[in-house]
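Undergrad: What would the 3D arrangement of this be:
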Amino acid sequence: MINRAIFRKTLNDSASLTAAAAFGIIGFVILFVWAMLNLGDEVLSFASRFSFLRKVFEAGFGIKVEGEVSINILFSVSFTHAVVLALSWAVMIAISTRVTVGEIEKGTADLLLTLPVSRSEVYISTSLVWILAAILLAFCPVIGVWVGSLIFKTPEEVEVVRYFKPAANFLCLLLAVGGISSLVACCLDRRGPAIAIVVGVVLISSVLNFIEPFIESLKPLRFFGLLNYFRPVDVFRANTWPLNSMSILLLLSFTCWFLGLLIFHRREIPTA
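TA: Numbers count the residues shown, from 1 in each chain. Purely as a prediction, here's the structure:
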């Protein structure tokens, strides 16, 4: 079901973007480690003095500022930083929309689909590329924390192995974004609107996650937010696999991906 030629072409087309995002995330997390070592205590101390700032900090990063916070917990906040999320989401959206709707927009989809390959092979082969990209990007923050701990002196031992659990949760989140992107891309004929819709979905999810603690009436809606199932700080603290959250994200990813496959297999492909 996987066409090697299409897989290699999609992989080559996406390699530079994925590599740039991966190095960007690793570099940012290294800087984040340095910032937390130098400014982490001061930021927490300042935020804890004002209830509103404390709520903003907790809503934005998912970390309680009251009580003792270890340096390892501060490092785990990097998973939820906007830079890390934006870079990884951008790659997932770009790759998952490159062929399914990108080729249609360029008017070359009919030529691609006249090759001796089925639509299912095209869809699955290109999907494998964004799945591999998700695996790479999900563990980039772990690499950044590890490299940062080697470069900068830390007051306590950095438990790198414990970051694999938040990374696994992050992987499921990225797969959910990829699945949603694939579904939306298979429903439209223009890549721009497809990207805009997916960006809107993830932004609404982010905003809902941020403002929900401040507005009581929004609490029932937290179920619909992707970030409700991505709590790396809580996962690191508990040092347990977030199986429920991971299962929900994986189910969402597979459902959207499979619906996209059905639509792509049956839809009419315009020639221009």
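Undergrad: name the element Leu259 belongs to?
TA: According to DSSP states H and E, Leu259 maps onto helix 243-266.
Undergrad: Show residues contacting that helix.
TA: 100, 119-120, 122-124, 127, 168-169, 172-173, 175-176, 178-180, 182-183, 185-187, 226, 229-231 (CB atoms under 8 Å, 6 or more residues apart in numbering). For glycine as for every other residue, the C-beta is placed from the backbone atoms N, C-alpha and C.
Undergrad: what comes up buried for that helix?
TA: 245-246, 248-250, 252-253, 256-257, 260-261, 263-264 (16 or more other CB atoms under 10 Å).
Undergrad: same check, this time on stretch 26-38
TA: Neighbour-count burial for stretch 26-38 [16+ other CB under 10 Å]: Ile26, Phe28, Val29, Ile30, Phe32, Val33, Met36, Leu37.
Undergrad: From Leu87, how far off is the first one?
TA: So the one you mean is Ile26. Using CB to CB, to the nearest Å, we find Ile26 at a distance of 10 Å from Leu87.
Undergrad: show me where pLDDT drops low in the chain?
TA: The chain contains residues with pLDDT under 70 at 39-69, 102-116, 209-223, 268-272.
Undergrad: which helix of it spans the most residues?
TA: Scanning the chain for the helix with the most residues, using DSSP state H, yields helix 4-48.
Undergrad: And the closest residue to Cys187 other than its chain neighbours, how close does it get to Tyr123?
TA: Of all residues not flanking Cys187 in the chain, Ile263 sits nearest, at 6.1 Å (CB to CB, 6 or more residues apart in numbering). Per CB to CB, Ile263 is found 10 Å from Tyr123.
Undergrad: Quick check: chain neighbours aside, which residue is closest to the residue most central in space within the chain?
TA: Nearest to the mean C-alpha position of the chain, counting by CA atoms, centre = their mean, stands Leu174 at 3.5 Å. If the residues on either side of it in the chain are set aside, Leu174 comes closest to Ala134, at 3.9 Å by CB to CB, 6+ apart.
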